[in-house]
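Here is my input; please provide its structure:
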Amino acid sequence: MKTHDPITATVIQASLVAAADEMFTVLKKTAMSPIIYEVLDVGTGITDAEGELISSGAGIPTFVGVLDKAVKRIVEIHGLDKVREGDVYVTNDPYYGGVTHLNDVVIALPVFASGELVAWAASIAHWNDVGGKTPGSMAVDVSEIFQEGLRLPAVKLFEDGKPIRSVFDIISSNSRLPDFVTGDLWAQVAASRKAESRIRQIVETYGLDTYRGALASLFEEGERRTRAGLATLPEGTYKIEEEQDDGAVWRAAITVSKERFLVDLRDNPEQRNAPYNTSRDGAVISAQMIFKALTDPTLFTNGGSFRALEVITQPGTVFHATGNAPHGYYFETRIRLADMLWQCIARAMPERMPAGSFASICGTVIVGNHPDTGRRFTMVEPQMGGWGATVERDGLDAMYSTNHGETFNCPVEICEARYGIDVGHKRLNETEEGKGLHSGGKGVTVSYRPRGKAILSAGYSRNRQPVWGLNGGNPGGTNGLTVFRRDGKREDYAFVSGLVIEPGDEILVRTANGGGWGAAD
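Here you go, the predicted structure:
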């Protein structure tokens, strides 16, 4: 069948989106860890044979942005001519297509139909523990990636449809939670296999030529949409400098023209011997988020959507780490970069953009043994905060960060039952930050009281520098974490790991209100 009519192409495209959504559903329903099946700290997607994104399921947008880059790196390392039906690859290493940090694991399955490689079905999910020097694999006191846990440099997990047992054994023996990582791994494999069956059905139904024609039109549509949006933006070069909590100054320049959206990140601090670096691909994802929001803020996304985007980085900087630099808290660097780019454009177009949000994942990891069952647990919980106000309305209360997508908080009942951690309260802030003509959304405070001895790791940026207001609106608040000891002592933290929490201690989370928009009357 060689008809390239638009209706057939649309049906194929919709079927590929449905296949990615089915991947997400399978992963959500079969994973073992609450960070996956409750919080939905995952991303699913389908690429073409070369790794260009075709479609994506629900989940974290910046995680979806990892998948095409991971597949392209796998292809680069192994070569398309070496990829065989029945293979499955795994990577978590930012220097081998993993993009993020070692906890985030990509499973990629090449899909063959009519004897040819036609697609990849890929997913990424946060695994609770991959080794390293602290439980939960989120140490702050590291200087090299070797200290952060097990590295999987785009290796085969399956060959000829059979598991490579030695790789499975390496994975399970390097985790403090071997049952959980094994279960979550198989959930990702199952998700890819579901998409594989759907893609084969599509090719068998419509033919390989028609399938490829549909992909070509899909990419053309993605490019057309974003170029049309680009044409609505005011041309010019917009620059920003922003001091970070640690005193470092970050810089960016965005140049908008009729043909290109150029993000220049070269003039930035050198990479650090600490876990606050991101890969170049991670910086590209931050730029993709602002570009997509400005040009085509819809669910429609594929490789063609970013043809007009160019990102320039300097190797060896915090936005393009090289060598053996650690990446454990990459997500704080990446979300802070996305927020800075957002602020840069918002200053030029305040009527079109909201004020700043709390702009931190506020990742909180509590590890211990359940006080009733003795079973080891790892709680991984991003926190919610306030979003910025807009020209039309107040900001949204208690949302996940603007880059964190379709994720949810872990229910109190799950936290208390699975981990033996009492949740004293979870409520909106009653502070006055972020006032304006329209006020920023409210952050939250959360009280955790582990009933047994536990280990805490956490990373909260925007701890010193408050959320920015826009067009005369007041700044929002700051994020932070406090431990109140049972003897009455208080300890304040922004980044911490390996901190011993005793029964009777309280962990109090506070996240920022969003920034206000416009001066109050």
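
in the strand or helix carrying residue 167, what counts as buried?
Counting by DSSP states H and E, the element that carries residue 167 is helix 165-173. For helix 165-173, the neighbour count (16 or more other C-beta atoms under 10 Å) marks 167-168, 171 as buried. The way it works is simple: take the backbone N, C-alpha and C, and place the C-beta from them, glycine included.

List the contacts of the closest residue to residue 485 other than its chain neighbours.
By the measure of C-beta to C-beta, 6 or more residues apart in numbering, the closest residue to residue 485 outside its immediate chain neighbours is residue 505, 5.5 Å from it. Contacts of residue 505 were listed using C-beta atoms under 8 Å, 6 or more residues apart in numbering, and they are 449-450, 483-486.

Now with 7 Å, please.
If a contact means C-beta atoms under 7 Å, 6 or more residues apart in numbering, then residue 505 has 483-486 as its contacts.

Give me the local confidence score for residue 309.
Looking at residue 309, its pLDDT is 98.

about what we covered before: pick the one among the buried residues of helix 165-173 closest to residue 296.
Ranked by distance to residue 296 (C-beta to C-beta), the buried residues of helix 165-173 are led by residue 171 at 38.4 Å.

contact partners of stretch 43-50?
Defining contact as C-beta under 7 Å, 6+ apart, one finds that stretch 43-50 is touched by 16, 19-20, 23-24, 27, 53-57, 59-60, 63-64, 66-68, 71, 75, 80, 117-124, 191, 195, 199, 215.

May I see the buried residues of it?
Neighbour counts using 16+ other C-beta under 10 Å place 43-49 of stretch 43-50 among the buried residues.

Cross those against helices and list the overlap.
With helices taken from DSSP state H, there is no overlap with the buried residues of stretch 43-50.

so what's the backbone phi/psi at residue 230?
For residue 230, the backbone dihedrals (degrees, to the nearest 10) come out as phi -60, psi -40.

For it, list the residues it contacts.
261, 295, 308.

so the first one touches residue 308, yeah?
Right, the one you point to is residue 261. Yes - contact between residue 261 and residue 308 holds when scored by C-beta atoms under 7 Å: they sit 5.7 Å apart.

what about those two, which has more around it?
residue 261 (23 against 19; other C-beta atoms under 10 Å).

show me the contacts for that one.
Taking C-beta under 7 Å, 6+ apart as the criterion, residue 261 is in contact with 230, 291, 308-309.

Is it bridged to anything, and to what?
Partner residues in beta bridges with residue 261, using DSSP bridges, are residue 256, residue 309.

What are the contacting residues of the one helix or strand residue 26 maps to?
Secondary structure assigned from DSSP H and E places residue 26 in helix 6-30. Applying C-beta under 7 Å, 6+ apart, the external contacts of helix 6-30 come out as 36-37, 40, 42, 44-46, 54-59, 121, 123, 125, 187-188, 190-192, 194-195, 198-199, 202, 206, 210-211, 213-214, 217-218.

I'd like the next helix or strand past that helix.
Remark: after helix 6-30, the chain's next helix or strand is helix 34-37, criterion DSSP H and E.

what pLDDT, on average, does that next one get?
91.
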